[in-house]
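Asks: please find the sequence and the predicted model below.
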Amino acid sequence: MPGEITIYTDGAASGNPGPGGYGVVLISGKHRLEKSEGFRLTTNNRMELLAVITALEALKIQGSRAVVYTDSKYVADAVEKGWVFQWESKAFRKKKNPDLWIRFLKVYRRHNVRFVWIKGHSNNTENEVCDRLAVKAYSNASLLEDTGYKSESEENKLL
């Protein structure tokens, strides 16, 4: 079993909703992986969560130990304070981003993951790298569709 994997994540959107992207840095020993993708229409919180999902999905060995450093209170608090498990028990009723939370929980449960919240734009080198990756990703000409994104009015129709 490899040692603990260090993960940095960030998500960004230009407008909320608007074009968005995520950036991820995974570090394991001497190995380093950077990932990013951009989307035509999404939200900042969706990109923050998708960054974490993508990072955890990149872990090849089940049961890996990972520490995720994120500047997203939305993600860190939802997990560390146990909110997401309460949301799950209520089938994510009246919660945003259920598609991503369901996907997150599936991959989260395959590993031993701890979250550490860090203040964004506070000169944390790897967080700044993730931010640049996220912004560059949504500035790209060929953006993906965030198929799970629903506008506020669409979500209200479902409730």
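Replies: Perfect, thanks for sending it. Numbers count the residues shown, from 1 in each chain.

Asks: how distant is stretch 115-128 from the center of its chain?
Replies: In terms of CA atoms, centre = their mean, to the nearest Å, the centre of stretch 115-128 is set 14 Å apart from its chain centre.

Asks: where does the protein have low pLDDT?
Replies: Applying pLDDT under 70 to the chain picks out residues 1-2, 152-159.

Asks: now the strands for it?
Replies: In the chain, the segments counted as strands under DSSP state E are 5-13, 18-28, 31-42, 65-70, 112-117.

Asks: just so I know, which of those lies nearest Leu50?
Replies: With CB to CB, the closest approach to Leu50 among these belongs to strand 18-28: 5.2 Å. For glycine as for every other residue, the C-beta is placed from the backbone atoms N, C-alpha and C.

Asks: run me through the strand neighbours of the closest one, direction for each.
Replies: As defined by DSSP bridges, the strand partners of strand 18-28 come to strand 5-13 (antiparallel), strand 31-42 (antiparallel).

Asks: so Val116 makes contact with Asp71?
Replies: No - at 10.3 Å, Val116 and Asp71 do not qualify as touching, with contact defined as CB atoms under 8 Å.

Asks: give me the more crowded residue out of these two.
Replies: Between Val116 and Asp71, counting by other CB atoms under 10 Å, Asp71 is the more crowded of the two (21 against 13).

Asks: any idea how far the more buried one is from Gly63?
Replies: 27 Å (CB to CB, to the nearest Å).

Asks: contacting residues around Lys81?
Replies: Contacts for Lys81 (CB atoms under 8 Å, 6 or more residues apart in numbering) come out as none.

Asks: same check on Tyr108?
Replies: When contacts are counted by CB under 8 Å, 6+ apart, Tyr108 is found next to 56, 79.

Asks: residues near Arg109, how many?
Replies: For Arg109, the count of nearby residues is 11 (other CB under 10 Å).

Asks: distance check, it against Arg132.
Replies: Arg109 is 31 Å from Arg132, where distance means CB to CB.

Asks: before we move on, what about Lys119?
Replies: 17 Å.

Asks: which one, of the strands paired with strand 18-28, ends up nearest to Pro19?
Replies: When the strands paired with strand 18-28 are compared by CB to CB, strand 31-42 sits nearest Pro19, at 6.0 Å.

Asks: okay, helices next: where are they in the chain?
Replies: Assigned by DSSP state H, the chain shows helices spanning 44-57, 73-80, 83-89, 98-108, 125-139, 152-158.
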